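# following is a predicted model, sequence given first.
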Amino acid sequence: MPARVQNRRSDSPRKRAINRLELRSLGLITAAWAAVLLLIPPQHEYPIIDDWIYAGSVRTLLQTGAFVMPALSQANLVGLTLWGAPWARLLGFSFTTLTYSTLFLALLGLFAFYGIARVLNVPVWGALLGTGLLFFNPLFLHLSYSFMTDVPFLALALIACFCYLMGLQGNQAAWLWIGGFFAGWAFLVRQFGLFIPISFLAYLMLVGLLERRWRRPEIIGMVVMPLIIIVGWYIWSRGTPPSPASVEASKQTASFLFKQNWPLIFLTRSLTLLPLVGLFAWSAIKIHRSRLWLVAAWAVLLLWLIYGVAAAAPPVQIIAQPFTAYIGPLSLQMPLQLFTFGVWGSILRVEGINFFNYRQEPIWSSGAWWALWALGMALAVPLLAKVTEALWGWLKALCKRPGAHLSPIMGFYLVGLLTFAVSVGYLAALFDRYALAFIPFVILFIIRGSRAWGRAAWAYSVVALVLIAAFSLLAKADQVDHDNARWQAAQWLKARSGRLHAGYDWDNWVGNVSADYAITDILDPGFRKEQEFPYLSRLEGFVTRQVIAESKANMPPLPQR
């Protein structure tokens, strides 16, 4: 019997066992996803953060048959609108329907992240740990319950990267074409999708230069599909003026990009996002004893940078009038009541926007939030040390044998690096949810070392996952209960007053705003309490709190029934 036939037969049971193992892992991920949906049902008929902008685009497409770029959108968006429209056409237009469309993509993104880890030889339990860290990241979980662009873009980007890695590792051109399609789709949601083919192309070009051998089939398979989609987008959108939000953002970017204060802005934003990465990409990190000095060096450097940035200049102004927002590691306000990741107040100190900003009462003292910030910074220190150690080792090895230490993971990491650099150094404004776009790349870097972890490291990592999951689930449940109470209060007040202010999302989606009636957590001076609506605050210790429907004291009392 030929040896090749014997090898195929001997490999078959092993391959079947591996396939069963991977299917069990995907089943476990699906079960965790379904369990969260049962614990925190996604049904809601109100917008989350800015998704009223994108939901309006879907509604316009259903009504007119044409895509219209919303005035407040800076993203390309058409890819998200074309995804949400069939769901809304099939199940009926609602925020619940659009949320389920995001949750489905979130599950596919988790599958892709697990697949990326396995393709890169991360052990099964390490890949599952990393997938859990991504799923229970509070930014990922919160935004999955919305129609924001963050999670759909990330899911498409991870699927594209998985396909590219499969194609490059196994020399299978079909995977590259499929990856190119998802990279192009990601671009149609957010412009950052352009980084995916560019990064993997840069890897292939470097390999070609070092080996003096161009891998043309791979380059063609990787580039053609996204190129067709991107060129088609520009031809289709040519002649359409940019949205007012894009114009304003470009003006703000031009005010600091490559200007004298630009390095300070880049540094300040990096220091502001660092504790979020430390807290939510937290797991075991093994550093060789001979490199422990790097941990001490990074700790001292960060302390010096934080003090230096705070002492060198006041917080950096990043948004123009009619309001001013400041950002800085010693000027930020940590998240307020109840769960405001990605909303005003999360990492910004905002002035002059009180009327539009829903007034929320902090559930924890400022000292508690500062303690979390300090913990995030402390957890980020060994991560930075490990990155430094790994990068230095890779560069030394690359200098000795230039082509031997290049692998497709270089393209994957380059996607994350470009996303981080542009998010921090180019975008007009910075919100904590922007960190979600590059956190998966940090998580993968951490779990790639899981094969060498001992019992203590695994115990530490499981505890980290449990704590992150507990915080995210409690915070999300609080946000859902609070928003349900807020929108119930707004509907009650609207039925009696006709016009009111109930928060940024209500004001823009419902309209009919009035300064005489409002929904708040904290009774405003000169206002009278009309009615209270209870909700449960778990993060505060499972206590009942109230959303207040208020009216100006000089307005006539409202009927209570």
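Arrived safely, thanks for sending. Residues are numbered from 1 along each chain as shown.

# alpha carbons of the helix or strand where L417 lies, as PDB, please.
Secondary structure assigned from DSSP states H and E places L417 in helix 409-425. Taking Å, rounded to 0.1, in the frame of the first residue of the first chain, the C-alpha atoms of helix 409-425 are listed here in PDB:
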ATOM      1  CA  ILE A 409       0.900  37.200  12.300                       C
ATOM      2  CA  MET A 410       2.900  40.200  11.400                       C
ATOM      3  CA  GLY A 411       0.100  41.300   9.100                       C
ATOM      4  CA  PHE A 412      -2.500  40.700  11.900                       C
ATOM      5  CA  TYR A 413      -0.600  42.800  14.500                       C
ATOM      6  CA  LEU A 414       0.000  45.500  11.900                       C
ATOM      7  CA  VAL A 415      -3.800  45.900  11.500                       C
ATOM      8  CA  GLY A 416      -4.100  46.500  15.300                       C
ATOM      9  CA  LEU A 417      -1.100  48.900  15.300                       C
ATOM     10  CA  LEU A 418      -2.400  51.100  12.500                       C
ATOM     11  CA  THR A 419      -5.900  51.100  14.100                       C
ATOM     12  CA  PHE A 420      -4.400  52.300  17.400                       C
ATOM     13  CA  ALA A 421      -2.200  54.900  15.700                       C
ATOM     14  CA  VAL A 422      -5.000  56.500  13.700                       C
ATOM     15  CA  SER A 423      -7.500  56.300  16.500                       C
ATOM     16  CA  VAL A 424      -5.200  58.100  18.900                       C
ATOM     17  CA  GLY A 425      -3.300  60.400  16.600                       C
END
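
# from now on call the first residue 25
All set: I'll call the first residue 25, so the last point we hit is now helix 433-449.

# check the offset of the following helix or strand past that helix from the chain's centre.
Reading on from helix 433-449 to the C-terminus, the next helix or strand found by DSSP H and E is helix 463-471. The chain centroid and the centroid of helix 463-471 are separated by 13 Å under C-alpha atoms, centre = their mean, to the nearest Å.

# which residues sit against helix 463-471?
Residues outside helix 463-471 that contact it (C-beta atoms under 8 Å, 6 or more residues apart in numbering): 137, 140-141, 144, 146, 150-151, 153-154, 157-158, 161, 163-164, 178, 182, 301, 304-305, 307-309, 407, 410-411, 414, 436-437, 439-441, 443. Heads up, the C-betas are built off the backbone N, CA and C, glycines and all.

# among the residues you listed, which are in helices?
Of these, the ones assigned to helices by DSSP state H are 137, 140-141, 150-151, 153-154, 157-158, 163-164, 178, 182, 301, 304, 407, 410-411, 414, 436-437, 439-441, 443.

# buried ones among those residues?
137, 140-141, 150-151, 153-154, 157-158, 163-164, 178, 182, 301, 304, 407, 410-411, 436-437, 439-440, 443 (16 or more other C-beta atoms under 10 Å).

# residues contacting A481?
Per C-beta under 8 Å, 6+ apart, neighbours of A481: A308, K310, S474.

# and those residues as JSON lines, adding distance to W76, neighbour count and pLDDT?
Listed next are the contacts of A481 as JSON lines, based on distance: C-beta to C-beta, whole Å; neighbours: other C-beta atoms under 10 Å; pLDDT from 0 to 100:
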{"residue": "A308", "distance to W76": "41", "neighbour count": "22", "pLDDT": "94"}
{"residue": "K310", "distance to W76": "45", "neighbour count": "13", "pLDDT": "88"}
{"residue": "S474", "distance to W76": "41", "neighbour count": "23", "pLDDT": "95"}
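
# which one of the residues you listed is nearest I202?
When the contacts of A481 are compared for distance to I202 (C-beta to C-beta), S474 wins out at 28.1 Å.

# no further questions, thank you.
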